[in-house]
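> quick one: sequence plus predicted model below, questions after.
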Protein chains: 2
Amino acid sequence: MTDIQALTFDVFGTVVDWRGSIIREGEQVWKVLSIDVDWAQFADDWRAGYQPAMAKVRSGAIPWANIDTLHRQILDDLLARYHITHLTDTQIADLNRVWHRLDPWSDAVDGLNRLRQRHIVATLSNGNVALLVNMAKRAGLPWDCVLSAELARHYKPDPTVYQMAADLMGLSTGQVMMVAAHKSDLFAAQKVGMKTAFVRRPLEYGPDGRPDRETDPSFDYTADSFIQLAEQLGL
Amino acid sequence: MTDIQALTFDVFGTVVDWRGSIIREGEQVWKVLSIDVDWAQFADDWRAGYQPAMAKVRSGAIPWANIDTLHRQILDDLLARYHITHLTDTQIADLNRVWHRLDPWSDAVDGLNRLRQRHIVATLSNGNVALLVNMAKRAGLPWDCVLSAELARHYKPDPTVYQMAADLMGLSTGQVMMVAAHKSDLFAAQKVGMKTAFVRRPLEYGPDGRPDRETDPSFDYTADSFIQLAEQLGL
């Protein structure tokens, strides 16, 4: 495993707690603006639109659109469904950017700082570049490089995305390890020859959620935090 | 000028001292391997091949090739011209990667750290992503985002490259300021609506070089270092 040069990270759920962050901002900021919804449910509903929206892009049913755009389309539908009609355009645009303001899991920044002592640490997210850069700046995520499905104009788990990441870093896929809380992401990375690290995030979907819990024997590493992963890598 | 959200930096010559770095590594490392050349001349000759090589890509005479590839083609020609025939393939590949190991000008890291307190700081270089990431990691350049002509598959000063940078950061071109030691780069950035900052690097081409010295009244800022630029921006 000494040949791992770079670690690429899934972001939503693996690095940041999207659900908890949306609930917190919703209850602290948006309730004041009279969006008095169940913010846990609202977050879940928003996220539930994510895979179907990307599937439409993947199938060619709609042309390429980045995640900011897809989040906004889902949000517009949600606001209608929740009968929230009093927000201005500026407020809706700001609410949509809550995805740029997600908080990292408590181990993420320290873990990344340890991991980057010896490895390139990069995002490899379906989130768009602007979202990832704004998130990193706010949260202090020390990426060496921000890579996004947006650069390939294909969404994970399309193999093109993983191959692009290795190519842009000037590495073979075997020199890159994908880190994710989602086994489907890791299986897709394996298919192009990447190493894999499964990091459990049991609370991604809340206390009643159904995250991936069981690792797979084919994964190279399994850890409960980025700090534990760093220790396993001898850092 | 309070609407400047991001600063994009030319890298070769503006952030790093390519000529001094190649001379230093040449004399310290490669002389031992019996490449006993005039390293200042060798660096100048290598760099002289850069614009013609990109011009061939721009004109379509050769298909897209990144800067690592172009640097290697120029190097192969140079080694032949200098009658250097004893290097192994591994050694030539390593020598070519001297461009990944360039040292920043003395003000660059501190200046970028100040500038990034309020702005996104990103590369916008013709250098490829791998080169820029490796350089940043070695030198401690604190980029929020590594953007490269490679992502557009067009070289500066093609307007596509500047527009891509703004688009990927989710900004209008008027919210982005290009920082460069080369006026041609700034004029091209202006054409798509970017703000411009000219930073003088009088020694880029050595003591007898002919760098851009005179600023242009159309530039928004002119400074002699990134620290001075930060001060001008109130940082």
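Ah, there it is. Given the structure is predicted, the values throughout are model-derived calculations rather than measurements.

> can you count the residues close to the closest residue to A:I23 other than its chain neighbours?
Leaving out its chain neighbours, the residue that sits closest to A:I23 by CB to CB, 6 or more residues apart in numbering or on different chains is A:W39, at 4.5 Å. Backbone N, C-alpha and C define where each C-beta goes, glycine included. By other CB atoms under 10 Å in any protein chain shown, the residues close to A:W39 number 19.

> what does the one 5 residues further on give?
The number of residues packed near A:D44 is 17, by other CB under 10 Å.

> and for it, nearest residue in space, chain neighbours not counted?
Leaving out its chain neighbours, the residue that sits closest to A:D44 by CB to CB, 6+ apart is A:R19, at 7.1 Å.

> now the one you found: which helix or strand?
helix A:18-25 (DSSP states H and E).

> right, and the helix or strand after that helix?
Heading C-terminal from helix A:18-25 (DSSP H and E), you reach helix A:39-48.

> show me what the lowest-mean-pLDDT helix or strand in chain A packs onto, helices and strands only.
When the helices and strands of chain A are compared on mean pLDDT, DSSP states H and E, helix A:50-59 comes out lowest with a mean of 93. Judged by 3 or more CB pairs under 8 Å, 6 or more residues apart in numbering or on different chains; DSSP states H and E, the packing partners of helix A:50-59 are helix A:67-81.

> which residues touch the helix or strand that the helix it packs on is followed by?
Downstream of helix A:67-81, the first helix or strand assigned by DSSP H and E is helix A:89-96. Residues outside helix A:89-96 that contact it (CB atoms under 8 Å, 6 or more residues apart in numbering or on different chains) are A:W30, A:L33, A:D68, A:H71, A:R72, A:L75, A:D76, A:L79, A:L87.

> any idea of the mean pLDDT for helix A:89-96?
Averaging pLDDT along helix A:89-96 yields 96.

> touching, A:E25 and A:R97? I think so.
No: counting by CB atoms under 8 Å, no contact exists between A:E25 and A:R97, whose distance comes to 10.2 Å.

> which residues of chain A lie near chain B?
A:68, A:116, A:120, A:122, A:128-131, A:133-134, A:136-137, A:144-146, A:150-151, A:168-171 (CB under 8 Å from any CB of the partner chain).

> quick check: angle from the least confident helix or strand of chain A to helix A:18-25?
Here helix A:50-59 runs at an angle of 120 degrees relative to helix A:18-25 (axes from the mean of the first three to the mean of the last three CA atoms, to 10 degrees).

> sort out which residues of helix A:50-59 are buried, please.
A:Y50, A:A53, A:M54, A:V57 (16 or more other CB atoms under 10 Å in any protein chain shown).

> so where's chain A shaky on pLDDT?
A:1-2 (pLDDT under 70).

> what about 90?
A:1-2, A:29-36 (pLDDT under 90).

> now do the contacts for the residue of it most remote from its centre.
For chain A, the largest distance from the centre (CA atoms, centre = their mean) belongs to A:H86, which lies 30.1 Å off. Listed by CB under 8 Å, 6+ apart, the contact set of A:H86 reads A:S34.

> how close does it sit to A:L124?
Relative to A:L124, A:H86 is positioned 39 Å away (CB to CB, to the nearest Å).

> OK, contacts around A:F219?
Contacts of A:F219 (CB under 8 Å, 6+ apart): A:L186, A:T196, A:A197, A:F198.

> the last one: what secondary structure?
A:F198 falls in the strand class when you classify it by DSSP: H, G, I helix; E, B strand; the rest coil.

> give me the number of residues near it?
Around A:F198 there are 25 residues (other CB under 10 Å).

> what bridges to it?
Beta bridges link A:F198 to A:A180, A:T222 when assigned by DSSP bridges.

> correct me, but it touches A:S184?
No: applying CB under 8 Å, one finds A:F198 not in contact with A:S184, separated by 11.3 Å.
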